[in-house]
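Novice: Here is a sequence with its predicted model. Questions after.
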Amino acid sequence: MAVLAIDIGATKFAVAIVDSAHEVNFRQDIPTTQLWDGLSHALLNIRDSQNEKITKIGIGSAGPINVQRGEISPVNIAQWRNFPLIPKITEIFPDAQIAMVGDAVALAIAEHAIGAGRGTRNMLGMVVSTGIGGGIIVNNKPLEGDYGNAGYFGHTVVGDYDGGCNCGRLGCVEGYSSGTSMVRYAQNNGWSGADFVVLAASAQTGDKNAIAAIEFGVNHLAKAIINIVQIFDLHHVVIGGGVTEAGDIYWKPLEKAVENLSTSLGLVEPIKLLPAQLQRNAGLIGAAMAVGLE
């Protein structure tokens with residue numbers, strides 16, 4: 001049976017039908033700026049285009065989330081604080097079973113089942129994009145926590161740098177290592193580009209400010225990764241999100257930083273950094289799995 005899946009990100013929303021073969025169909029992307037008006041319109045379009053009644057809905061959302069109340073408060077969507085996402089979706093699909101997880105938890109679920117983490121028992125799944133999120137698999141099951149935010153480590157502190165993060169906290173890893181934050185760091189040092197795609201391209205051509213910004217970001221992300229994998233004694237880390245699409249100009253420095261900082265853990269087993277295999281559909285597939293994809 002197919003499942004309606006929803007992926008709430010900082011810059012765009014995605015809705016789609018995910019079938020039992022993990023194929024993503026009828027995908028629609030909506031700019032975050034359209035908020036509920038855009039998302040609800042896409043949901044109505046999918047509802048009205050399906051021959052079969054939608055009975056299951058899986059949601060992966062940027063956090064923090066509140067699974068007890070069905071609310072979300074994404075750090076990078078200022079207009080949505082305690083936004084009642086599940087109650088609003090229930091108005092459109094009153095009889096559907098709905099489950100919600102963090103967006104990086106959704107990625108972790110999908111990658112663990114059918115992607116880069118397949119065959120592992122424990123793993124950390126990460127999204128590195130406009131924001132930074134995490135999802136943790138322990139003994140083949142995703143951790144949830146009290147409100148659905150277990151593994152949500154993007155706002156743990158790794159220094160005292162003011163990266164201008166929207167959470168308001170000084171020194172959080174997202175303020176160092178998100179695509180937005182690396183761009184901001186480069187701009188503060190004289191680089192004139194506008195986004196991370198351009199930053200990565202500049203680094204490819206040898207621009208020193210662009211290279212320094214990426215190294216600044218990955219070094220602090222590596223600190224956060226080491227902290228998490230050390231706490232949970234896991235050695236597989238799967239990373240997705242738009243920043244990783246930059247390729248080796250980002251990935252190689254990150255591998256080096258993790259290797260340099262994992263001296264204590266490396267005495268047991270090296271940490272394996274793995275790029276996500278499911279790419280842009282990982283969140284949708286994982287959200288569908290969270291509610292029970294059959």
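Specialist: Structure received. Numbers count the residues shown, from 1 in each chain.

Novice: Okay, strands next: where are they in the stretch 51-200 of the chain?
Specialist: Secondary structure of the stretch 51-200 of the chain by DSSP state E, counting those that start in this stretch: the strands cover 56-61, 65-66, 71-72, 97-102, 123-128, 132-138, 141-142.

Novice: Select, out of the ones you listed, the one closest to residue 181.
Specialist: strand 132-138 (8.9 Å; C-beta to C-beta). Just so you know, the C-beta spots here come from the backbone N, C-alpha and C atoms, and that holds for glycine as well.

Novice: for the closest one, packing partners?
Specialist: strand 97-102, helix 103-114, strand 123-128, helix 173-177, helix 208-232 (3 or more C-beta pairs under 8 Å, 6 or more residues apart in numbering; DSSP states H and E).

Novice: Parallel or antiparallel, list what pairs with it.
Specialist: strand 123-128 (antiparallel), strand 141-142 (antiparallel) (DSSP bridges).

Novice: Let's have these in a markdown table, adding distance to residue 278.
Specialist: Below are the strands paired with strand 132-138 laid out as a markdown table (distance: least, C-beta to C-beta, whole Å):
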| stretch | distance to residue 278 |
| --- | --- |
| strand 123-128 | 11 |
| strand 141-142 | 16 |
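
Novice: among the ones you listed, which is the most enclosed?
Specialist: Greatest average neighbour count among the strands paired with strand 132-138 goes to strand 123-128 (a mean of 29), per mean count of other C-beta atoms under 10 Å.

Novice: What mean pLDDT does that strand get?
Specialist: The pLDDT scores in strand 123-128 average 95.

Novice: cool, stretch 134-144 as well?
Specialist: On average, stretch 134-144 scores 96.

Novice: How far off centre is that stretch?
Specialist: When distances are taken as C-alpha atoms, centre = their mean, to the nearest Å, stretch 134-144 is centred 14 Å away from the chain's centroid.

Novice: Out of the helices and strands packed on strand 132-138, which is closest to residue 241?
Specialist: Ranking the helices and strands packed on strand 132-138 by distance to residue 241, with C-beta to C-beta as the measure, places strand 123-128 first at 4.2 Å.

Novice: that older thread, adding distance to residue 73, write the helices and strands packed on strand 132-138 out as a markdown table.
Specialist: Below are these laid out as a markdown table (distance: least, C-beta to C-beta, whole Å):
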| stretch | distance to residue 73 |
| --- | --- |
| strand 97-102 | 12 |
| helix 103-114 | 13 |
| strand 123-128 | 17 |
| helix 173-177 | 15 |
| helix 208-232 | 21 |
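
Novice: right, so of the strands of the stretch 51-200 of the chain, which gets closest to residue 235?
Specialist: The nearest among the strands of the stretch 51-200 of the chain, by C-beta to C-beta, is strand 123-128 at 8.4 Å.

Novice: quick one, which of the strands paired with strand 132-138 is nearest to residue 152?
Specialist: Nearest of those (C-beta to C-beta): strand 123-128, 10.8 Å.

Novice: So which of the strands paired with strand 132-138 is nearest residue 255?
Specialist: In terms of C-beta to C-beta, the element of the strands paired with strand 132-138 nearest to residue 255 is strand 123-128, at 13.7 Å.

Novice: ok, back up a step: I'd like the strands of the stretch 51-200 of the chain as CSV, with distance to residue 263 appended.
Specialist: Compiled in CSV, these are given as follows (distance: least, C-beta to C-beta, whole Å):
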stretch, distance to residue 263
strand 56-61, 34
strand 65-66, 35
strand 71-72, 38
strand 97-102, 30
strand 123-128, 19
strand 132-138, 22
strand 141-142, 29
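
Novice: among these, which is nearest residue 230?
Specialist: strand 123-128 (10.9 Å).

Novice: Give me the distance from that closest one to the chain's centre.
Specialist: 7 Å.

Novice: Tell me where the protein has helices.
Specialist: 35-49, 85-92, 103-114, 173-177, 179-188, 196-204, 208-232, 248-261, 263-266, 282-291 (DSSP state H).

Novice: Worst mean pLDDT among these?
Specialist: When I compare the helices of the chain, helix 263-266 is least confident, with a mean of 66.

Novice: that older thread, so which of the helices and strands packed on strand 132-138 gets nearest residue 141?
Specialist: Of all these, it is helix 103-114 that lies closest to residue 141, at 9.5 Å by C-beta to C-beta.
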